[in-house]
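K.L.:
sharing a sequence plus its predicted fold:
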2 protein chains.
Amino acid sequence: MIESEGVFDMITIKDIAKLAGVSPSTVSRVISGHPRISTETSLKVKQIMKELNYHPNMMAKSLVSKTTQTLGIMLPRPAEELFQNYFFGELLRGIITHATRNNYELLLSTETSSDDELQAISRLVHGRRVDGILLLGSKRDDPIITFLEEEKFPFVLIGRSETHPNAPMVDNDNVQTAYDATQHLIAQGHTRIGFVSGPPDVTLSHDRMRGYRKALDESGLTANNDWIVEGEFLQESGFRAMSLFMSLPDRPTAIVVIDDNVAFGVLRALAELGYQVPEDISVVSFNNIALSELASPPLSSIDIGTYQLGYTAVQVLLKILGNEPLTQNPVIIPHRLIVRESSLYMKAKPLQS
Amino acid sequence: MIESEGVFDMITIKDIAKLAGVSPSTVSRVISGHPRISTETSLKVKQIMKELNYHPNMMAKSLVSKTTQTLGIMLPRPAEELFQNYFFGELLRGIITHATRNNYELLLSTETSSDDELQAISRLVHGRRVDGILLLGSKRDDPIITFLEEEKFPFVLIGRSETHPNAPMVDNDNVQTAYDATQHLIAQGHTRIGFVSGPPDVTLSHDRMRGYRKALDESGLTANNDWIVEGEFLQESGFRAMSLFMSLPDRPTAIVVIDDNVAFGVLRALAELGYQVPEDISVVSFNNIALSELASPPLSSIDIGTYQLGYTAVQVLLKILGNEPLTQNPVIIPHRLIVRESSLYMKAKPLQS
DNA sequence: CTGAAAGCGCTTACAG
DNA sequence: CTGAAAGCGCTTACAG
């Protein structure tokens, strides 16, 4: 004779208690696996919970336990770039996998207004919506990190912060990634190597710029400023960079590109301008997304272990939440160069044995 | 002299009440914008809240209000495909934008074990973690939809369900999208047109197959079963399909491909096999992701309004939560064919005026 | 216009 | 091994 069903019912711990002939406290203890509960009552209570399809109300649980079993993912503000990149999906996959495996939910949040960057995160933190926060990338001087450190709120940065060297971080060694990419081109015999970088206020761009310069320096090569351009993580950036580079009287014969996505723009521009890759210009980029292999020509790319980056970040955050000490910080995810056609122009390397 | 700071403090409504010299009830009313509160007390309370940087505890609020201001995003199970697709990012961007704009948070969840598909969603629903759920795609007979309907829990399906025609849905007219794509190829003079489809248990694949056949039928053409292949939403599928098609004695001269991502695999295979697009074979696909334009050759693609799909789905879900009537169901997002080089082989169309 | 009280569904000392 | 009671931080009739 029950009329109203569905969403408006809620089976509570009291209902279970009544049916099992025990107190609510006991039911609660059964749920949480309290040690001093008789096997008999435990079994009875569990059976009734199953029969009624009981699930504890997470809000009530959170209120008293002051824990939400939820991790917040904070997206950087101009999220468009992120979303247009395969990189993001793969990172998210790593995050979801490890969070789900540990029974944590994921709350997706993003900075709303530019005038109040802290509004969204402050709502999460003060509203106790999440137990910890995952920061996807950071600006070079990021107020969010300052805020989180002041609040002593658990978080992990995927990326690196210069201004907050003690923040828990999971990152690649991005000086080294760019060094390796550049070194590979040098080994191919190139001496005129350009760099298509990302936004200058992003630490990642900065680090890779350093690696690029370091490799050139060590080989006694000079970085010509005409061969360096900064942009966004968008294909358009790569496209524009090539229009620029290829009109130079003294063109680079090889370029390092900050991101595969940008490199696609590069390839497209070069095709339209009638240049051959790698014959006219060699290309190496970063991230090694699934499409790199399918580009024409297939793109040499530094695999940064994107999935592992996300997976590990969750791992570190859960460690922090469990008050385990962090044995190392930052955690560095290994990278490796995947050489494909776009940088394999052997004729450019006549002196190599 | 306060020692313990940060995460372990919590300013409550009581603290504000005490400092403002009012009762907690009044503070609560000020927060919720209750009409019968004097401007004076309202102002005083608000000021103190600001001074102490007070944010209401969302868990407590949820517990009593039985509302979470959170929408759940349910990812389909083999999430790998989704994540490897730009489509997903763009959809997510539409969802986040409109949810954030309406002060809703987003909870990201995914089916965990294959033996218990309902576990994750049942936790969300019974645990009262979210107010409504967004389903990204569905199988042809999806137990999740059955569950949600039985529970009378608010949800919107991005996609279409055949078995549950009354479920709130936001979708393209996917018979028409495929019809248009096929029709375009017919208009180019093609009579031998193949179809590289997705997983057969996905409604989307099914609908597009119908549109493809319909267009052929109407033009008096026959769908040769050798020219139809089903696969995943992965590049590999496109690659394999071409190995198959191009070894046929009687090859198609044009193909419709279920997804841009798959089409990239198609293009790659054709390049490797030494065929020219569109000269040897024309290609049209779906989604019109940012990279379509940059493929070689640039890919003709049906723009399905991905961002709008996500945006609208949130809009519909919020309507349901607000008990507003749905004036139409399903909501159909318009599509349009973007013609690019991959399907523009005019020489194949000698008889067209 | 405002306050006291009850209650949302859970957990956890305290006592036995 | 188990129960009664207090409490988490909020909201909302009820009364004035």
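P.N.:
Yes, it's here.

K.L.:
could you use CA atoms for every contact and neighbour count after this?
P.N.:
Will do.

K.L.:
shaky segments in the stretch 1-150 of chain A?
P.N.:
Within the stretch 1-150 of chain A, the segments meeting pLDDT under 70 span A:1-9, A:77-86, A:113-116.

K.L.:
all helices for it, in order.
P.N.:
A:13-20, A:24-32, A:39-52, A:58-65, A:79-83, A:86-101, A:119-126, A:143-150 (DSSP state H, counting those that start in this stretch).

K.L.:
where do the domain boundaries of chain A fall?
P.N.:
A:6-56, A:70-172+A:307-332, A:174-304+A:336-348 (automatic domain parsing).

K.L.:
can I get those domains in CSV including mean neighbour count?
P.N.:
Shown next, in CSV, are the domains of chain A (neighbours: other Cα atoms under 10 Å in any protein chain shown):
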stretch, mean neighbour count
domain A:6-56, 15
domain A:70-172+A:307-332, 19
domain A:174-304+A:336-348, 21
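
K.L.:
mind putting these into a markdown table with distance to DNA strand D?
P.N.:
Formatted as a markdown table, the domains of chain A follow (distance: least, Cα to the nearest atom of the strand, whole Å):
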| stretch | distance to DNA strand D |
| --- | --- |
| domain A:6-56 | 4 |
| domain A:70-172+A:307-332 | 8 |
| domain A:174-304+A:336-348 | 36 |
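
K.L.:
picking that back up, which one of the helices of the stretch 1-150 of chain A lies nearest to residue B:170?
P.N.:
helix A:79-83 (21.1 Å; Cα to Cα).

K.L.:
picking up where we left off before, between the helices of the stretch 1-150 of chain A, which gets nearest to residue A:244?
P.N.:
Per Cα to Cα, nearest to residue A:244 of those: helix A:79-83, 21.9 Å.

K.L.:
about what we covered before: nearest to residue B:254, of the domains of chain A?
P.N.:
domain A:174-304+A:336-348 (20.8 Å).

K.L.:
quick one: contacts for residue A:42?
P.N.:
Applying Cα atoms under 8 Å, 6 or more residues apart in numbering or on different chains, we find residue A:42 in contact with residue A:30.

K.L.:
please tell me how far it sits from DNA strand C.
P.N.:
Distance, residue A:42 to DNA strand C, using Cα to the nearest atom of the strand, to the nearest Å: 14 Å.

K.L.:
and for residue A:49?
P.N.:
On the measure of Cα to the nearest atom of the strand, residue A:49 and DNA strand C end up 11 Å apart.

K.L.:
for residue A:241, same thing?
P.N.:
For residue A:241 relative to DNA strand C (Cα to the nearest atom of the strand), the value is 57 Å.

K.L.:
phi and psi next, for that residue.
P.N.:
Main-chain torsions, residue A:241, degrees, to the nearest 10: phi -60, psi -40.

K.L.:
got a list of what it touches?
P.N.:
Going by Cα under 8 Å, 6+ apart, residue A:241 touches A:196, A:229, A:266.

K.L.:
quick one: terminal-to-terminal distance for stretch A:299-308?
P.N.:
End-to-end distance of stretch A:299-308 (Cα to Cα, to the nearest Å): 21 Å.

K.L.:
so that stretch, near chain B or not?
P.N.:
No - using Cα under 8 Å from any Cα of the partner chain, stretch A:299-308 never reaches chain B; the gap is at least 11.0 Å.

K.L.:
now that stretch: mean pLDDT?
P.N.:
Averaging pLDDT along stretch A:299-308 gives 95.
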